[in-house]
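A.B. asks: Give me the fold of what follows.
(chains A and B)
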Amino acid sequence: MKWFLEAGRVLLAALQEIFDEAAYARFLERMKIASSVEAYSAFLRDRERSEKPMPRCC
Amino acid sequence: MRKTLTAALWGVVSLTAALGISVIATRRGEPVNALWLVVAATCWYALGYRFYSKFIAVKLLVLDPQRATPAERLEDGRDFVVTNKWVVFGHHFAAIAGPGPLVGPVLAAQFGYLPGTLWILAGAVFAGCVQDFVILLFSVRRDGKSLTAMARSEIGKVGGLVAYAAVLSILVILLAVAALIVVNALKSSPWGTFTIAMTIPIALLMGLYLRRIRPGKVLEVSALGFVLVLLAIWFGQQVSQNPAWAPLFTFTAPTLAILIIVYGFAASALPVWLLLAPRDYLSTFVKLGTISLLGLGIVALHPTLHMPALTRFADGNGPVFAGKIFPFAFITIACGAVSGFHSLISSGTTPKLIARETQTRMVGYGAMMAESAVAVMAMIAACVMQPGVYFAINSPAGIVGVGAASAANTISGWGFPVAPTEIEALAHAVGEQTLLNRTGGAPAFAVGMANIFSSTLGGERWMALWYHFAIMFEALFILTVLDAGTRVARFMLQDALAHLWKPIGRTGWYPSILSTSGVIVALWGYFLWQGVRDPLGGINALWPLFGISNQLLATVALCVATTILIKMGKARYSFVTLAPAAFLVTVTFTAAWHKVFDPNPRVGFLAQAQALAAGPASAANTRLIFNNRLDAAVTCALVVLVALVVLESARVWLGVLSGSHAAEVKESPFVMTRLAEERG
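C.D. replies: As a prediction, the model looks like this:
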């Protein structure tokens, strides 16, 4: 049971990383702000400024 | 005692792998169950991971768990983040798994299931996984540097320049091929076109939902988007059966090509959050779910392979694409065996997330293995179809004719009996007017996948829904590659042009965005247009060009890796990267030679141009002649570029080995990790 819970936690964490939810959570923590429409807009602006787009393989 | 048990276990795995491979390799004339492929592949991958990747990790790379990675040293909570290894694995797999491992094996199935499967298995373990693993580790040891930056610092300016040119060329050709596959899958298909068209408003809605209603809840909105896409598939059926609506979504290949070119430009120039990111999320959601479902479906159904192990088309006269098994099987299947494109991901985001050097083995080598398993599933999906049906879908009109009767007659003449009614009944069962001449691999894969899914869930009644689900899944996947690829190429072009004129390098400046997006879209749009006007289906010319450029990029990556290994004093183990590099040089250079100079007009670009020139003069012929000569010139240019990298690398290797060149690796200095676990 414990193993399944742990596996579920890791799977959820992987999905959150793949889907950028983790990046947003880190942004909120870094900026020390709560989630809001403005915070998410700032996060998107921050990502657009900081990152080149990630290639997707063929 | 434990040691003996472990040895016995690996002995059993080895014997099972040998048995599985011998069954699929030696059975002739009797049906083979797909489960044999699954068993052989699983055991083979287990052996490759346990023994070969460990050998590389211990002897070549000497992975050091005490050495701090850039994720730890440069942690900024944004790009550099210490991340759980399974999370990085998922992230890396989601980035490398695209439409390539699905389409390549389907096209290569024209040789039979055996050549492609053996190349997928051997190529992955000895080349693809090795490339992804070593490039990832070398990037980790260089603060997450990109492949082009590593080529510049380890091989020299020529290496860097050629790597850059190779990456840009491969992107342009990849985007053209990807777009062509979508065009061929959607032409004259109101159902498919409606569903894919609906993903644009769905993505826009997701973007607004994420921004305004539930900020940052991507998983939640992706699930919502998925439900909306399923509804779009269901409505697509109503649209395709409605005499007023169906014509609005029925397009010819040239019209679809224009629509996709316009879409590519818009996706590159619009803000990321509006269309690109939501579609990327939606595509990833569908991708991960469908791949898992397909795997389960194959194991649950364990279908019989109807395609023979080897077909008569090993002689090079295949209808899907022309060319002999060697070298064409090896460039047709890239992503499932070895793909140069992966080296861009391995030296992109992933090295910035790795917590420890030791995890590069599982992430780099392991994720490529998972991708290779996806390619095996695609091979199974293609080979469970009756061969006659497979060839009817994948052969261009220029080879089998335009009607079901003509196609059935030609294909039956090849020894793969198929009746016109069978082809028509299948088209009817999947809700299409016709499935004939749907070159590109995507529709054939969709039929195979629909076969497997409908046998497990829903039965015959659901065949049409599953087919369009598969088409939607592939097109969504491919359009995501198109979105992201156009944007990446645009950034690369802006970077390069900034050396000539600084303002063009400003990524937020709209005149620069519009002009560079226009150049990139025009480049791939030109090849796409050429593909849709090609009487041989376009794939015959463009897929080999894509395969050659992708494998040439892998050659560049393996040359960079060999250079670093030799500089590290590991010359005696350099065969690990040098052998696949030498194989890829042989394969790609031979394929390029055939594509340019082969006297068979179906294979050689110049021979085809010559044959067309001998025919009646017309504007269409003049264009085709020019296109063939252009393809020949592009192939030659790619080969010359990579030959330069190989020669430049060889000069560095000989210099280091003879002592005339400093054996200086450009790694970041060693810093002891502060992370608690696994410390010595």
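
A.B. asks: residues in contact with stretch B:112-122?
C.D. replies: With contacts defined as CB atoms under 8 Å, 6 or more residues apart in numbering or on different chains, stretch B:112-122 is touched by B:21, B:24-25, B:32, B:37, B:40-41, B:44, B:105, B:108-109, B:305, B:307-311, B:314, B:325, B:329-330, B:332-333, B:336-337, B:372, B:375-376, B:379, B:383. Where C-beta positions appear, they are placed from N, C-alpha and C, glycine not excepted.

A.B. asks: tell me which parts of the stretch 501-650 of chain B are close to chain A?
C.D. replies: B:508, B:546, B:550 (CB under 8 Å from any CB of the partner chain).

A.B. asks: okay if I get the residues you listed as TSV plus secondary structure, pLDDT and neighbour count?
C.D. replies: Below are those laid out as TSV (DSSP: H, G, I helix; E, B strand; the rest coil; pLDDT from 0 to 100; neighbours: other CB atoms under 10 Å in any protein chain shown):
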residue	secondary structure	pLDDT	neighbour count
B:508	coil	72	8
B:546	helix	88	27
B:550	helix	89	27
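
A.B. asks: From these, pick the one nearest residue B:1.
C.D. replies: Comparing these against residue B:1 with CB to CB places residue B:550 closest, at 48.0 Å.

A.B. asks: pretty sure the closest one contacts residue B:170?
C.D. replies: Yes: between residue B:550 and residue B:170 there is a contact under CB atoms under 8 Å: 5.8 Å.

A.B. asks: what sits in contact with each of these two?
C.D. replies: B:340, B:341.

A.B. asks: residues in contact with residue B:42?
C.D. replies: Per CB under 8 Å, 6+ apart, neighbours of residue B:42: residue B:373.

A.B. asks: Is it in a helix, a strand, or coil?
C.D. replies: Here residue B:42 is recorded as helix under DSSP: H, G, I helix; E, B strand; the rest coil.

A.B. asks: And what about residue B:45, helix, strand or coil?
C.D. replies: Classification of residue B:45 by three-state DSSP places it in helix.

A.B. asks: check contacts around it.
C.D. replies: B:124, B:125, B:369, B:372, B:373.

A.B. asks: Just the contacts of stretch B:112-122: which are in strands?
C.D. replies: Those of the contacts of stretch B:112-122 mapping onto strands are B:32, B:305, per DSSP state E.

A.B. asks: which of the contacts of stretch B:112-122 are buried?
C.D. replies: B:21, B:24, B:32, B:37, B:40-41, B:44, B:105, B:108-109, B:305, B:307-309, B:311, B:314, B:325, B:329-330, B:332-333, B:336-337, B:372, B:375-376, B:379, B:383 (16 or more other CB atoms under 10 Å in any protein chain shown).

A.B. asks: which residues does the closest residue to residue B:537 other than its chain neighbours contact?
C.D. replies: With CB to CB, 6 or more residues apart in numbering or on different chains as the criterion, residue B:537 has its nearest non-adjacent residue at 3.3 Å, and that residue is residue B:396. By CB under 8 Å, 6+ apart, residue B:396 lies in contact with B:319, B:437, B:439, B:535, B:536, B:537, B:539, B:540.

A.B. asks: Most neighbours among the residues you listed, which one is it?
C.D. replies: Of all these, residue B:439 has the most neighbours under the rule other CB atoms under 10 Å in any protein chain shown, reaching 30 neighbours.

A.B. asks: Which residue is the nearest non-sequential neighbour of that one?
C.D. replies: Leaving aside its chain neighbours, residue B:439 sits nearest to residue B:537 (3.7 Å; criterion: CB to CB, 6+ apart).

A.B. asks: right, and that neighbour touches residue B:438 too?
C.D. replies: No: applying CB under 8 Å, one finds residue B:537 not in contact with residue B:438, separated by 9.3 Å.

A.B. asks: Overlap of the contact sets of the two?
C.D. replies: Common contact partners of residue B:537 and residue B:438 (CB under 8 Å, 6+ apart): residue B:184.
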